[in-house]
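1. I need the structure of the sequence given here:
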Amino acid sequence: MNAQSPNPPSSRPDVDAPAIEVTYSESDALRRELAEQKDSHLRLAADFENFKKRSRQESESRAVAQKELFIVELLPVIDNLERALTAGASKDAAVAAGFCWTWQGRGTRSAPPTFPNQ
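-> A predicted model of the protein is given here:
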């Protein structure tokens, strides 16, 4: 029994050697394209993760800035209410006065609402 086939691949008449070369080069080209696509996909995924992190950080910094702005705007209100209370006015009148001072201090054009017993 002969260990070799009667027609080795290089000597088989039905197989064209240039066709095999073309198939190998096509296969290599497809593998390179697949590697490029994988690399592109990984880079895109990393860019998206960076975008999410950056967006989260920007959102958190915006929230901190808004809280700081709210506190800064709230301090004069508290000060006005404390002044009205220390001036000896009743609590209702103090709240109304503090509200009016705050209303005017914010640059509101319309007149503040009226309060009973003022």
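2. okay, CA-based contacts and neighbour counts for the rest of this
-> Noted.
3. mind jotting down where the helices sit in the protein?
-> Counting by DSSP state H, residue ranges of the helices within the chain are 17-86, 91-105.
4. pick the most deeply packed of those helices.
-> Burial among the helices of the chain, expressed as mean neighbours by mean count of other CA atoms under 10 Å, is greatest for helix 91-105, which shows a mean of 18.
5. report the mean per-residue pLDDT for it.
-> This predicted structure assigns helix 91-105 an average pLDDT of 68.
6. also stretch 29-44?
-> Averaged over stretch 29-44, pLDDT sits at 96.
7. give me the residues contacting it.
-> Outside of stretch 29-44, no residue comes within contact range by CA atoms under 8 Å, 6 or more residues apart in numbering.
8. export only the CA atoms of it, formatted as PDB.
-> Presented in PDB, the C-alpha positions along stretch 29-44 are these (Å, rounded to 0.1, in the frame of the first residue of the first chain):
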ATOM      1  CA  ALA A  29      -7.200  39.900   2.500                       C
ATOM      2  CA  LEU A  30     -10.400  38.800   4.300                       C
ATOM      3  CA  ARG A  31      -8.500  38.100   7.500                       C
ATOM      4  CA  ARG A  32      -6.900  41.600   7.300                       C
ATOM      5  CA  GLU A  33     -10.200  43.200   6.700                       C
ATOM      6  CA  LEU A  34     -11.700  41.300   9.600                       C
ATOM      7  CA  ALA A  35      -8.900  42.400  11.900                       C
ATOM      8  CA  GLU A  36      -9.400  46.000  10.700                       C
ATOM      9  CA  GLN A  37     -13.100  45.800  11.400                       C
ATOM     10  CA  LYS A  38     -12.500  44.400  14.900                       C
ATOM     11  CA  ASP A  39     -10.000  47.100  15.600                       C
ATOM     12  CA  SER A  40     -12.500  49.700  14.400                       C
ATOM     13  CA  HIS A  41     -15.200  48.200  16.500                       C
ATOM     14  CA  LEU A  42     -13.000  48.200  19.600                       C
ATOM     15  CA  ARG A  43     -12.000  51.800  19.100                       C
ATOM     16  CA  LEU A  44     -15.600  52.800  18.500                       C
END
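9. many thanks, have a good one.
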